[in-house]
Structures are given as structure tokens and as C-alpha cells.
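Peer 1: Fold the stuff below for me.
(one chain, ligands or ions: 1)
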Amino acid sequence: MSIAENIQTILSRIDTVARECGRDPKDIQLVAVSKLFPASAIDEAIKAGQLVFGENYIQEAEKKIDELGSRCRFHFIGHLQSNKAKIAARLFDVIETVDSVKLARTLSRHLQDLGRTMQILLQVNIGEDENKSGLAAAETEKLLGDIRELPNIEVIGLMTMPPFTDDPEDARPYFQQLRELSQQLKDLGLFPQERKIELSMGMSNDYHVAIQEGATIVRVGTAIFGHR
Ligand SMILES: *Cc1c(COP(=O)(O)O)cnc(C)c1O
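Peer 2: Residues are numbered from 1 along each chain as shown. The predicted structure is shown next:
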């Protein structure tokens, strides 16, 4: 199957799953995760109509974004160290993995220097998985409050990556917890009432489950580009 065919298959599955659970398919954005694939693969996906991509590694992404960034958007979905915040602030359209006030402050400072604003998501380690980055659910309220004071940075939602398993159903409780957390934060007035809160959750193996549980962004790599 070609990249174009894979994208069509996934979009039609997103459409079906969304309708089955009474959601509007337009409320779900597909981020094509292109890490470890060359710019030519992204180019192929763009020609098939895919315009948002996810990258995990700054150095690798830099080359691809310099080449293709004017034709599509890039989300950063990897672990971001503060010493890479400056370049990330320049390169990316959205950073999905902010998990500390230190990183947020550093980003905000670089964004001010660049004269741009960035939308970000907070990465929540909902499974309290020792091997994963992200902040604990209990820390999100404080971090949201702190980030609200920072200029040039806007939190548009939450992102999570549940502990890895083969069975997509194992991820469901984690997806539910992220959605419940977003509602609690909204009830506390920490997100603008009028805006929908983005929930970035679900990958190749379990994006259908994530959509049933309220995902608005799904991050799919292998099912589009093949095995890495
Ligand atoms: C690699 C990656 C994905 C894509 O995973 P696939 O299983 O290849 O679809 C999604 N999210 C994050 C954070 C990743 O690192």
C-alpha cells in the first residue's frame, strides 16, 4: 500500500468511528508522524492532501522543516529539553509535549524574541509510567495556572501516551482519564470556556479507541509510513 492509500484508509476509518459514536469527523485531526522517515515520504503525503506532521527529534526535524515547512504544519511530539527550546520555538507550529514550568518559561522567552505566539499542549503521564515523560495529572492545575501568566504561549489542550501494550482496549481507561482531567480543568476555569480543549491521544494501534473516548488529535505513524 502506498502512503496515499494508507492516508485514505485512515481518514475513512476516522470518519466511520467518529460517526458511530456520534461525533463529527471534522473535529478529529490526523497528525502524520514522520519521525525517521525522509522528506520524500512527507512530500508524498502532502501530495495526498495530508498537511500536518509530527516529529520527535529536533535535529532530524530541522532539515525536513527547512525543506517542507512552507507547505505543511509540524507538531513537536518528542521529549523537549530546555536547551532545545530556542530552535523548537522557531521551527514548530505546535508543541504537544510541554511538561514543566521551566520549559514553558524558556519557550515563552524565545517566542517573545521571535515575535511569535505558539499553541502548546501539556503532556500528561496519565499512567504514571516511570519510563515516560509528562507531568502527573495532579500537577496539571498548577502548571496551567503558571503558564497563563506567560506571554506568547497558549495552552490549547492535553496530550498523553499510555503505557504500551498490544491490546488497544488496555489504553481506553487512560484515554478516559485524560478526557475527565480536561473537563475538571475546564470546570476550574483554567481553559477558556468558549474554546474546545484539544485531546491528543491515540496512535496507529489504538486511535479508534481514542476517538471513541474523545480524541481531537490522533498521532499516526506506522499505519501511514510503515515500520521504522
Ligand atoms: C512515534 C509516536 C507516535 C506514532 O506511533 P505509531 O505507533 O507509529 O503510530 C505517536 N505519538 C508519539 C508521541 C510518538 O512518539
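Peer 1: show me what contacts residue 61?
Peer 2: Counting by CB atoms under 8 Å, 6 or more residues apart in numbering, residue 61 touches 55, 74, 76, 91, 92. All C-beta spots, glycine's among them, are computed from the backbone N, C-alpha and C.
Peer 1: now do residue 117
Peer 2: 111, 152, 153, 154.
Peer 1: Which per-residue confidence value corresponds to the second one?
Peer 2: This means residue 152. Looking at residue 152, its pLDDT stands at 98.
Peer 1: swap in residue 133?
Peer 2: 87.
Peer 1: who touches the residue lying closest to residue 174 once chain neighbours are set aside in this structure?
Peer 2: Spatially, and ignoring its direct neighbours in sequence, residue 174 is nearest to residue 162 (3.7 Å; CB to CB, 6 or more residues apart in numbering). Listed by CB under 8 Å, 6+ apart, the contact partners of residue 162 are 126, 127, 129, 170, 171, 174, 175, 201, 206.
Peer 1: Give me the lowest-pLDDT entry from those.
Peer 2: residue 129 (82).
Peer 1: Spatially, what comes nearest to it if we skip its sequence neighbours?
Peer 2: Spatial nearest neighbour of residue 129, chain neighbours left out: residue 163 (4.7 Å); criterion: CB to CB, 6+ apart.
Peer 1: what about that neighbour, how many residues close to it?
Peer 2: Residue 163 sits with 15 neighbouring residues when counted by other CB atoms under 10 Å.
Peer 1: what are the C-alpha coordinates of the helix ranked longest in the chain, in PDB please?
Peer 2: Ranked by residue count under DSSP state H, the longest helix found in the chain is helix 3-20. Only the C-alpha atoms of helix 3-20 are listed here, as PDB (Å, rounded to 0.1, in the frame of the first residue of the first chain):
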ATOM      1  CA  ILE A   3       1.400   6.400   1.600                       C
ATOM      2  CA  ALA A   4      -1.600   8.000  -0.200                       C
ATOM      3  CA  GLU A   5      -3.600   4.800   0.100                       C
ATOM      4  CA  ASN A   6      -2.800   4.400   3.800                       C
ATOM      5  CA  ILE A   7      -3.900   8.000   4.500                       C
ATOM      6  CA  GLN A   8      -7.100   7.400   2.700                       C
ATOM      7  CA  THR A   9      -7.700   4.200   4.700                       C
ATOM      8  CA  ILE A  10      -7.100   6.000   8.000                       C
ATOM      9  CA  LEU A  11      -9.200   9.000   7.100                       C
ATOM     10  CA  SER A  12     -12.100   6.800   6.200                       C
ATOM     11  CA  ARG A  13     -11.700   4.800   9.400                       C
ATOM     12  CA  ILE A  14     -11.600   8.100  11.400                       C
ATOM     13  CA  ASP A  15     -14.800   9.100   9.600                       C
ATOM     14  CA  THR A  16     -16.600   5.700  10.400                       C
ATOM     15  CA  VAL A  17     -15.500   5.500  14.000                       C
ATOM     16  CA  ALA A  18     -16.400   9.200  14.700                       C
ATOM     17  CA  ARG A  19     -19.900   8.800  13.200                       C
ATOM     18  CA  GLU A  20     -20.500   5.500  15.100                       C
END
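Peer 1: how about the strands in the chain?
Peer 2: Using DSSP state E, the strands of the chain run over 29-33, 52-55, 73-76, 94-98, 118-124, 153-160, 198-200, 217-220.
Peer 1: Tell me if stretch 164-173 is near the ligand.
Peer 2: No - taking CB under 6 Å from any ligand atom as the criterion, stretch 164-173 and the ligand are apart, separated by no less than 9.1 Å.
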